[in-house]
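Q: Return atomic coordinates for the entry below.
(chains A, B, C, D, E and F)
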Amino acid sequence: MAEEFDDEFDGPVKRFLFVNRKAPYGTVYALESLEVVLISAAFDQDVSLVFMDDGVFQIVKDQNTDGINIKNFSRTYRALEGYDVEKLYVEKESLEARGLSEDDLLVPVEVLDSKALSELMNAQDVVISA
Amino acid sequence: MAEEFDDEFDGPVKRFLFVNRKAPYGTVYALESLEVVLISAAFDQDVSLVFMDDGVFQIVKDQNTDGINIKNFSRTYRALEGYDVEKLYVEKESLEARGLSEDDLLVPVEVLDSKALSELMNAQDVVISA
Amino acid sequence: MKFGILVNEGPFTHQASDSALQFVTAALKKGHEIVRVFFYHDGVNNSTKFSDPPSDDRNIVKLWSALAEEHGVELIVCVAAAMRRGINDEVLAPGFQISGLGQLVEAGINADRLVVFGD
Amino acid sequence: MKFGILVNEGPFTHQASDSALQFVTAALKKGHEIVRVFFYHDGVNNSTKFSDPPSDDRNIVKLWSALAEEHGVELIVCVAAAMRRGINDEVLAPGFQISGLGQLVEAGINADRLVVFGD
Amino acid sequence: MKMLHVVNKSPFEKSSLSSCLRVAKNDSGILLIEDGVFGALQGTSVTDEIAGRSADFKIYVLGPDLAARGLSEKPIIDGIEIIDYEGFVDLAVEHGAVNSWL
Amino acid sequence: MKMLHVVNKSPFEKSSLSSCLRVAKNDSGILLIEDGVFGALQGTSVTDEIAGRSADFKIYVLGPDLAARGLSEKPIIDGIEIIDYEGFVDLAVEHGAVNSWL
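A: Below you'll find the predicted structure:
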């Protein structure tokens, strides 16, 4: 476990990985998981986000929910930087299978292949997948 | 629509098809759908059940739920006959993909291939799938 | 034409209830009749008056209650599914009624089409 | 060892809550500590005292309350998820407390393992 | 009378659309809604499976669900028609029964 | 430290197990629970996919979930170990973190 200590927060810092595997709007998991990400950042944890499988749709540009009467929360991903959440990864295989490229995404991300992603995943203390 | 009239019930009779596509216990849909089947029969409707995809697991023999502390409702399928629900169909492709045969099932069924199933499905008035 | 509607999932968790609301609204706009909306499985969770989502999001329970109020749409919550999940008269929002599964079968018989929204 | 448990689905609809109960029971039997069970997403629906399933089936809410009573297991219901879904102090079963998401992150920090049960 | 099949699950995540394509009778209508709209996209790993059956069915996709997911400008498989909720109601009227592949 | 991956979805219905097999690091543990137990069966349409990776991982299946589904006597893929809930707890202790593929 990563038992380092942080400047501002006088508690242990762990590596939290949020694995986002579900599309937005069809279910609430993407929205409510994002709320956990923000709280983890407020607790000064070492937070990373992975978007894989249908989770890559969470950060597709130009979402417009006017026609389905559900709150568009996609701008929150842009706000993550302000919470010092800057480690955003996207699995290359998931992106390609959906005919998407980095240009389709609304935030800067690092694209990793599944092998690199498995190394990243294995280095975490806490993994929350939804 | 099948607007025939029945001996006992003085209302219209429709063809109700219940398409069971989900495994038991992992989710509640199989159990609660069965309750709708029984009520449909009580209303003297023309009821058929199809088991396809993971729904075929609903009628696998020898279910024993003691270890997961969930009520074993599989005997209810055996009781369907007593409610005059006798049209039980299983999709051949679904059974084979799961390595199962008719011998594994706890009730007598008619096995149909997907083409025959599509004819059956298309002849229904009301389709409830879960 | 007469529509019966079956909602199988609770509010927010799945889009099912939202899609059903949109479908019902569009059907009413086009002059169709909604003979009944039946809430089954987790769909019964759409009927609690205590639902209090963030103010910048839609309030699904209130949207259903408004349909009952403004268009007389019948909102029936299955009693067996409701009991399992802790929905009873003490938590029921305006416009919803608790009744038996027979009301679903009746909707299937009496409506020209039954349209199911779920997970 | 210290375990934190996250339950993401409501009772009955998915096996998640049942599996979590089995895991917690087995962990306690083996002498481990459950630092907290956190209920998020539809998991908050496990906490309503009005849940009244058929008598021949398990009562999931009561099983959780019993774990709190007999083993002092802390059962925390996320306030934001609860408000969306109509769970508040008026419906809360014994042993459950409503609190913030920080309690989940804290469980992740303080427990040796966080185990998630969901759909 | 023809049946309307409604698929609301992502074809990348669940097998619902494949099951529907296997069992639905030719000439039926298939409507993609909610996360099911991903099945209408060109250039994905499931495009060939769906496009290969587009002559057997009349396939529709719900525009508001595409827009919500940022996919309004993405190319759609030839022959798939984009409709709105009123179009969904019309389809339910025009078909003899509605089968939701939950 | 090795990670324990928990898969609770049917491999016939959802892509969770495939995703886990694609991304989990070799030598990780994979535990099949709830509807995920179907992935342990011999002679199914997904057996080859899972058996083909059984040398890369240590795969476990939850016995009580197999029994509930009437599958206790069915042949299991070689190398997959059947455990109970206490075994699940032990696995969580022995691995450095638990990742549930929901």
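Q: Not counting its neighbours along the chain, what's nearest E:Lys14?
A: F:Lys14 (5.6 Å; CB to CB, 6 or more residues apart in numbering or on different chains). In this view, the C-beta of every residue, glycine as well, is placed from N, C-alpha and C.
Q: Let me see the confidence value for the one you found.
A: What the model reports for F:Lys14 is a pLDDT of 98.
Q: same deal with the one 5 residues further on?
A: Note on F:Ser19: pLDDT of 98.
Q: State the pLDDT value of the residue nearest to C:Val73 when sequence neighbours are not counted.
A: Counting by CB to CB, 6+ apart, C:Val73 lies nearest to C:Leu67, which is 4.6 Å off, once chain neighbours are set aside. Turning to C:Leu67, the model gives it a pLDDT of 98.
Q: what does the one 10 residues further on give?
A: Reported pLDDT at C:Val77 in the predicted model: 98.
Q: Which positions in chain A make contact with chain F?
A: A:19, A:21, A:29, A:52-53, A:91, A:93, A:114, A:117-119, A:121-122, A:124-127, A:129-130 (CB under 8 Å from any CB of the partner chain).
Q: can you map out the strands along chain C?
A: Taking DSSP state E, the strands of chain C run over residues C:2-7, C:33-39, C:75-78, C:96-99, C:113-117.
Q: Check whether the residue nearest to C:Val73 really touches C:Phe23, as I assumed.
A: No: using CB atoms under 8 Å as the test, C:Leu67 is too far from C:Phe23 to be in contact (11.4 Å).
Q: among the strands of chain C, which is nearest A:Asp66?
A: Proximity to A:Asp66, assessed across these by CB to CB, is greatest for strand C:113-117 (20.3 Å).
Q: quick one: the closest one to strand C:33-39, angle?
A: Angle, strand C:113-117 to strand C:33-39, by axes from the mean of the first three to the mean of the last three CA atoms, to 10 degrees: 40 degrees.
Q: Does at least one residue of strand C:113-117 sit close to chain E?
A: Yes: using CB under 8 Å from any CB, strand C:113-117 reaches chain E at C:Arg113, C:Leu114, C:Val115, C:Val116, C:Phe117.
Q: what do you get for stretch C:3-18?
A: Yes: using CB under 8 Å from any CB, stretch C:3-18 reaches chain E at C:Phe3, C:Asn8, C:Gln15, C:Ala16.
Q: In helices, which of those fall?
A: Among the residues of stretch C:3-18 next to chain E, the members falling in helices (DSSP state H) are C:Ala16.
Q: if we take the residues of stretch C:3-18 next to chain E, which one ends up nearest to chain A?
A: C:Gln15 (5.2 Å; CB to the nearest CB).
Q: Could you give the number of residues near the closest one?
A: C:Gln15 has 26 neighbouring residues, counting by other CB atoms under 10 Å in any protein chain shown.
Q: swap in A:Lys14?
A: 23.
Q: What does the nearest residue to it once chain neighbours are set aside show for phi and psi?
A: Nearest in space to A:Lys14, with sequence neighbours left out and distances taken as CB to CB, 6+ apart, is A:Asp125 at 4.1 Å. Per-residue torsions, A:Asp125: phi -90, psi -40 (degrees, to the nearest 10).
Q: got it, and the one 4 residues further on?
A: When quoted as degrees, to the nearest 10, the phi and psi of A:Ser129 stand at phi -120, psi 140.
Q: OK, now which residue of chain E is nearest to chain A?
A: E:Pro64 (2.9 Å).
Q: Per-residue confidence, the closest residue to that residue other than its chain neighbours, what does it come out as?
A: Spatial nearest neighbour of E:Pro64, chain neighbours left out: A:Gly67 (2.9 Å); criterion: CB to CB, 6+ apart. On pLDDT, A:Gly67 comes in at 98.
Q: residue contacts, A:Gly67?
A: E:Gly63, E:Pro64, E:Asp65, E:Ala67, E:Ala68, E:Asp84 (CB atoms under 8 Å, 6 or more residues apart in numbering or on different chains).
Q: From what I see, the last one and E:Leu62 are in contact.
A: Yes: counting by CB under 8 Å, a contact exists between E:Asp84 and E:Leu62, whose distance comes to 7.3 Å.
Q: Between those two, which is the more surrounded one?
A: Neighbour count, other CB under 10 Å: between E:Asp84 and E:Leu62, E:Leu62 has more, with 27 against 14.
Q: count of residues packed around the closest residue to the more buried one other than its chain neighbours?
A: Excluding its sequence neighbours, the residue lying closest to E:Leu62 (CB to CB, 6+ apart) is E:Ile33, at 4.4 Å. Applying other CB under 10 Å, we find 28 other residues in the vicinity of E:Ile33.
Q: Over to C:Asp119?
A: C:Asp119: 25 neighbours (other CB under 10 Å).
Q: ditto for C:Val24
A: 25.
Q: Is chain A within reach of stretch C:32-51?
A: No: applying CB under 8 Å from any CB, one finds stretch C:32-51 separated from chain A by no less than 12.3 Å.
Q: ok so, going back, the residues of stretch C:3-18 next to chain E: which two are farthest apart?
A: Taking CB to CB, no two of the residues of stretch C:3-18 next to chain E sit farther apart than C:Phe3 and C:Gln15, at 19.0 Å.
Q: picking up where we left off before, so the residue of chain E closest to chain A sits in a helix?
A: Yes: checked against DSSP: H, G, I helix; E, B strand; the rest coil, E:Pro64 lies within a helix.
Q: Which pLDDT value goes with it?
A: Reported pLDDT for E:Pro64: 98.
Q: Pull the contacting residues for it.
A: Applying CB under 8 Å, 6+ apart, the residues contacting E:Pro64 are A:Asp66, A:Gly67, A:Ile68, C:Gln22, E:Asp84, E:Tyr85.
Q: Could you pull out the helices in the chain for me?
A: Because you didn't say which chain, this covers chain A. Under DSSP H, chain A gives helices at A:29-42, A:75-79, A:92-97, A:114-122.
Q: not what I meant, chain C
A: C:16-29, C:60-71, C:79-85, C:102-110.
Q: Out of these, the one nearest B:Ser48 is which?
A: Nearest of those (CB to CB): helix C:102-110, 13.5 Å.
Q: center of chain A - which residue?
A: What sits nearest the mean C-alpha location of chain A, by CA atoms, centre = their mean, is A:Leu49, with 3.2 Å.
Q: From chain B, how far out is that one?
A: Noted for A:Leu49: a distance of 28 Å to chain B, by CB to the nearest CB, to the nearest Å.
Q: and if you look at A:Lys61?
A: 34 Å.
Q: Now do residue 84, the pLDDT please.
A: If you meant another chain, say so; for now it's chain A. 95.
Q: wait, chain C
A: For C:Arg84, pLDDT reads 98.
Q: Same question for the one 10 residues further on.
A: Predicted confidence (pLDDT) at C:Pro94: the value is 98.
Q: List the contacts of the residue nearest to it when sequence neighbours are not counted.
A: The shortest distance from C:Pro94 to any non-neighbouring residue, by CB to CB, 6+ apart, is to C:Ser65 (4.7 Å). Neighbour list for C:Ser65: C:Leu75, C:Ala93, C:Pro94, C:Gly95, C:Phe96 [criterion: CB under 8 Å, 6+ apart].
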